[in-house]
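Student: Following is a predicted model, sequence given first.
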Amino acid sequence: MIRVSNVSKNFGSFAALTDVSVDLPAGSLTALLGPSGGGKSTLLRIIAGLEEADSGTIEISGTDSTRLSPQRRNVGFVFQHYAAFKHMTVADNVAFGLKIRKRSKADITKRVDELLELVHLEQFAHRYPSQLSGGQRQRMALARALAVEPQVLLLDEPFGALDAQVRKELRAWLRRLHDDVHVTTVFVTHDQEEAMEVADSIVVMADGKVQQVGTPDELYERPASDFVMSFLGPVTRLGGRLVRPHDLELLAQPAEGTVAGTVQRIVRLGFEVRIDVLVGDDPVWAQLTRDSARRLAVRPGDPIYVRAAPETPLLSA
Amino acid sequence: MAKISLRVTALTYLLFLLVLPVGVICWRTFDQGLAAFWQALTSPEALHALQITVVVAVPAVLLNTVFGLGTAILLVRHKFWGKSALNALIDLPLAVSPVVAGLALVLVYGRFTPVGTWFYDHGVQVIYALPGMILATVFVSLPLVVRAVAPVVEEIGIEQEQAAWTLGATSVQTFRRVTIPAIRWALAYGMVLALARSLGEFGSVAVVSGNISGQTQTASLFVQDAFDNYNQQAAYAVAFVLAVMAVTSLLLIQLLRPKESRR
């Protein structure tokens, strides 16, 4: 496992990380999630040894790695823009770490073949990175990182430079890969959907601090703050409190706990229907399924009664 | 119409400044026949001058390659006090007249200066000898490798090197296996430029060498010397060889350049 204890890092007067402590369990797939500038990439680079913490310690599998050079940490690192060795073929890129470790030729060939098969690039072994698509280059970079059997695999916005379709495919593929390989994996993303879809656990970071740690469900159901709640999904405000738009109940008649409002606008987006309501002077929006919107049968200008569904996460503002 | 007159102007300009002089050298070199050319070129003085040119140019290029690589990486990858001053200083040899550069070297390393005396006491004569000539050549061709390499070092970024580190490569392994191959065409380009400049250098070498025939005379010094002494055939022959070397370098540069832009 990776244990980060009291790590701080400043770039000039900018505090990138302030007293960050977090444990990343062995064999897990963890997302560092947060807005850009929140410190997640800096934390990942400090774990890899590519940046040095101003204070605090990093422990990898029980070894204090705080002062170890990146060469000796046995981590695999995957960069957003691939960092492919452009003058080497795909096979040579993957073999790089093994050649540095002076493995025998036969060993290297065997391992490279295995890895290229794992990332589905067997037929591209003798191409150069410039002849590959972005998604293929990133899979090559992953194979290169995995070749040296790292204790920890670190990915810095690995799908950030890819187009939406490829990104979706690679997410699912990374999840399956992790289920096969089981190496402790940490990836940085600013995309909450990506984090929720791929990760076992999510560390939400902002302003150089850890905001909350938990499984995707925990974070979604029990956010620790306004910030986490709004970062992980859509929110709206009812009576001064944050609530998810799909957790709002809209009723034609007043009932217990409802407040009265007026329907402003109804937007149909395929399977979901968005209803904008004015409660007093405050705009609120609710997300309904097509069926429940049809049953409600309201039109703009109609009176409506709104309440939060029972047992929904609410945060006071 | 404007296009045609522009073309005619440019070609006429090139004809009178470049093609005609080089053409005349070729014609004069061979108008007494191949045997005369060969005899002039293989005179002991001419051969020695050509040899000295190579002996001076090769170490100068090697020194500038090492220095140029180091400086380019320093300028691109590191922040330090005085960086912009160093950046400006590197271009100084392009602005300073080579004769002034040679004179400055004489003033520092001359036989009767403190630095020159120290070297002399340790068995090294700098001025009027090969070390001074190499020094002068290094000076005039100093910016060429740095300026060819620095933009490419900037462009490749540091991530490939960081990737190599995380894969276990030491700084030296990373430099040899990742950095150098990534910048090799730019480096070769800078080296050829520096070589071309070094082979043809006249002014600074004229000052520091003392121009002693058969000892410290380079090919370009020989050409002037021979010409002044009405030994035109020898002057033409060596000038022709220098021109061929220059054209070869330029062709090499042309071959190397497109490779760089394709990457």
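Tutor: Nice, I can see it.
Student: The closest residue to chain A within the stretch 1-150 of chain B: neighbour count?
Tutor: As assessed by CB to the nearest CB, chain A sits closest to B:K79 within the stretch 1-150 of chain B, at 11.1 Å. (Each C-beta comes from the backbone N, C-alpha and C, glycine too.) By other CB atoms under 10 Å in any protein chain shown, 5 other residues sit near B:K79.
Student: Am I right that it is in a helix?
Tutor: No: under DSSP: H, G, I helix; E, B strand; the rest coil, B:K79 falls outside any helix and is assigned coil.
Student: can you give me phi and psi for it?
Tutor: The phi and psi values for B:K79, taken as degrees, to the nearest 10, are phi -110, psi 130.
Student: and what of A:P283?
Tutor: phi -80, psi 140.
Student: quick one: contacts for it?
Tutor: A:264, A:276-277 (CB atoms under 8 Å, 6 or more residues apart in numbering or on different chains).
Student: And for B:A57?
Tutor: B:137, B:195, B:198-199.
Student: okay, and the helix or strand of chain B with the least pLDDT?
Tutor: Counting by mean pLDDT, DSSP states H and E, chain B has its least confident helix or strand at helix B:232-262, which shows a mean of 81.
Student: do that helix and chain A meet?
Tutor: No: applying CB under 8 Å from any CB of the partner chain, one finds helix B:232-262 separated from chain A by no less than 9.4 Å.
Student: Can you spell out which helices and strands pack onto that helix?
Tutor: Applying 3 or more CB pairs under 8 Å, 6 or more residues apart in numbering or on different chains; DSSP states H and E, we find helix B:232-262 packed against helix B:20-30, helix B:34-41, helix B:44-77, helix B:180-200, helix B:219-228.
Student: which ones are touching B:V146?
Tutor: B:V146 neighbours (CB under 8 Å, 6+ apart): B:67-68, B:71-72, B:75, B:90, B:190.
Student: Quickly find the element holding A:G27.
Tutor: According to DSSP states H and E, A:G27 maps onto no helix or strand at all.
Student: can you check the one 4 residues further on too?
Tutor: Taking DSSP H and E as the definition, A:A31 sits inside strand A:29-33.
Student: same check, this time on B:I127
Tutor: Assigned by DSSP H and E, B:I127 belongs to no helix or strand.
Student: how close does it get to B:A60?
Tutor: B:I127 sits 16 Å away from B:A60, going by CB to CB, to the nearest Å.
Student: now swap in A:P234 and tell me
Tutor: When distance is defined by CB to CB, A:P234 is 68 Å away from B:A60.
Student: coming back round to it: neighbour-wise, which one of the contacts of B:A57 leads?
Tutor: Within these, B:T137 tops the neighbour count with 29 neighbours, counted by other CB under 10 Å.
Student: Around chain B, pick out the residues from chain A.
Tutor: So far as CB under 8 Å from any CB goes, chain A lies against chain B at A:48-50, A:69-71, A:73, A:75-77, A:79, A:81, A:83-88, A:96-97, A:100-101, A:130, A:141, A:144-145, A:147-148.
Student: Assign whichever residue of the stretch 201-317 of chain A sits closest to chain B to helix, strand or coil.
Tutor: Nearest residue of the stretch 201-317 of chain A to chain B: A:V203, at 21.0 Å (CB to the nearest CB). Following three-state DSSP, A:V203 is assigned to strand.
Student: Could you list the low-pLDDT ranges of chain A?
Tutor: A:311-317 (pLDDT under 70).
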